[in-house]
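Undergrad: here is my input; please provide its structure:
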Amino acid sequence: MVKLYRDYAVVLRTHKLGEADRIITVLTKGSGQVRAVGKGVRRVKSKLGARLEPFSIIDFQAYKGRNLDTFTQVVPIAEYGRQIAADYDLYTAGTVMVEAAEKMTVEGTPSPGHYQLLRGALHALAYRHHPRELIMNSYLLRALALSGWAPSCWDCAICGKAGPAEAFSITAGGAVCGQCRPPASVSLSEGEITLAAALLTGNWKTAEASSGAKRDKIGGLVAAYAQWHLERRLKSLAILERGQ
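TA: Purely as a prediction, here's the structure:
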């Protein structure tokens with residue numbers, strides 16, 4: 001018997017399969033990551049093709065396969081791909097977010113928090129609710145927290161001394177005080193640590209009041225912290241860095 005199931009998902013990426021199909025990787029609300037085949041989606045007249053583009057939010061039905069599942073029905077909920085892909089800066093930020101989501105979630109393990117966080121971040125990015133670098137870095141910090149790698153962004157990560165901390169250490173778990181700071185930690189001003197805390201907690205008023213220099217510095221630390229915990233480089237970050 002064919003086992004059908006239905007779920008909500010964010011489309012993370014696609015790649016070609018044969019002459020007309022694609023393998024679509026999605027982050028679902030109820031089942032974590034799913035890799036499924038979109039039959040005939042590369043054909044010009046395919047109705048499914050436009051609905052299975054990266055950054056799209058979908059309500060789908062699929063059936064279980066031995067190696068890969070197969071989409072049978074896809075209903076679009078929000079097609080953010082067109083808005084994001086039309087702007088290079090938005091596209092590069094969005095690509096970092098979906099790549100990070102793919103590396104922080106796995107197949108078969110429900111990740112409703114990651115699904116909701118990514119969906120909200122893509123909505124904010126597509127409609128430019130906040131500067132794109134703030135959305136991206138806030139998403140990365142909050143996704144890391146969901147995965148159990150939340151950095152301290154105010155109090156000392158080592159001794160617990162009340163912040164604002166004076167430096168940031170990737171290996172020590174984030175913000176550190178002057179007495180605990182290990183070698184190679186990065187000194188931070190109160191404004192910079194305040195920005196990091198605002199991004200982690202979603203305090204957009206404080207985050208948007210920050211200067212470009214502070215955003216660049218904290219963005220570099222967030223990128224380094226994320227890649228250190230993921231134990232791999234985010235390829236899309238290299239594209240983002242070249243475009244700056």
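Undergrad: assign Ile158 to helix, strand or coil.
TA: State at Ile158, reduced to three classes by DSSP: H, G, I helix; E, B strand; the rest coil: coil.
Undergrad: list phi and psi for it.
TA: Note on Ile158: its backbone torsions stand at phi -100, psi -50 [degrees, to the nearest 10].
Undergrad: pull the residues that contact stretch 61-81.
TA: Contact with stretch 61-81 is made by 2-6, 8, 11, 23-24, 34-39, 48, 50-60, 94, 119, 122-123, 125-126, as judged by Cβ atoms under 8 Å, 6 or more residues apart in numbering. Just so you know, the C-beta spots here come from the backbone N, C-alpha and C atoms, and that holds for glycine as well.
Undergrad: repeat that for stretch 137-156.
TA: Contacts of stretch 137-156 (Cβ under 8 Å, 6+ apart): 96-97, 100-101, 104, 111, 113-114, 117-118, 121, 157, 161-165, 168, 173-177, 180, 193, 196-197, 199-200, 202, 207, 215, 218-219, 222-223, 225-226, 229.
Undergrad: in helices, which of those residues fall?
TA: 96-97, 100-101, 104, 113-114, 117-118, 121, 193, 196-197, 199-200, 207, 215, 218-219, 222-223, 225-226, 229 (DSSP state H).
Undergrad: ok, of those residues, which come out buried?
TA: 96-97, 100-101, 104, 114, 117-118, 121, 193, 196-197, 199-200, 207, 215, 218-219, 222-223, 225-226, 229 (16 or more other Cβ atoms under 10 Å).
Undergrad: any idea which helix or strand in the protein has the lowest mean pLDDT?
TA: Using mean pLDDT, DSSP states H and E, helix 235-243 stands out as the lowest-scoring helix or strand of the chain, at a mean of 71.
Undergrad: name all residues that make contact with the residue nearest the centre of the chain.
TA: Residue closest to the mean C-alpha point of the chain, counted by Cα atoms, centre = their mean, is Met97 at 2.8 Å. For Met97, the contact set (Cβ under 8 Å, 6+ apart) comprises Leu118, Ala121, Leu122, Leu125, Met136, Tyr139, Leu140.
Undergrad: which residue comes closest to the fourth one once chain neighbours are left out?
TA: With sequence-adjacent residues excluded and distances taken as Cβ to Cβ, 6 or more residues apart in numbering, Leu125 is closest to Ile135, at 5.1 Å.
Undergrad: give the contact list for that neighbour.
TA: Ile135 neighbours (Cβ under 8 Å, 6+ apart): Ala93, Ala121, Ala124, Leu125, His129.
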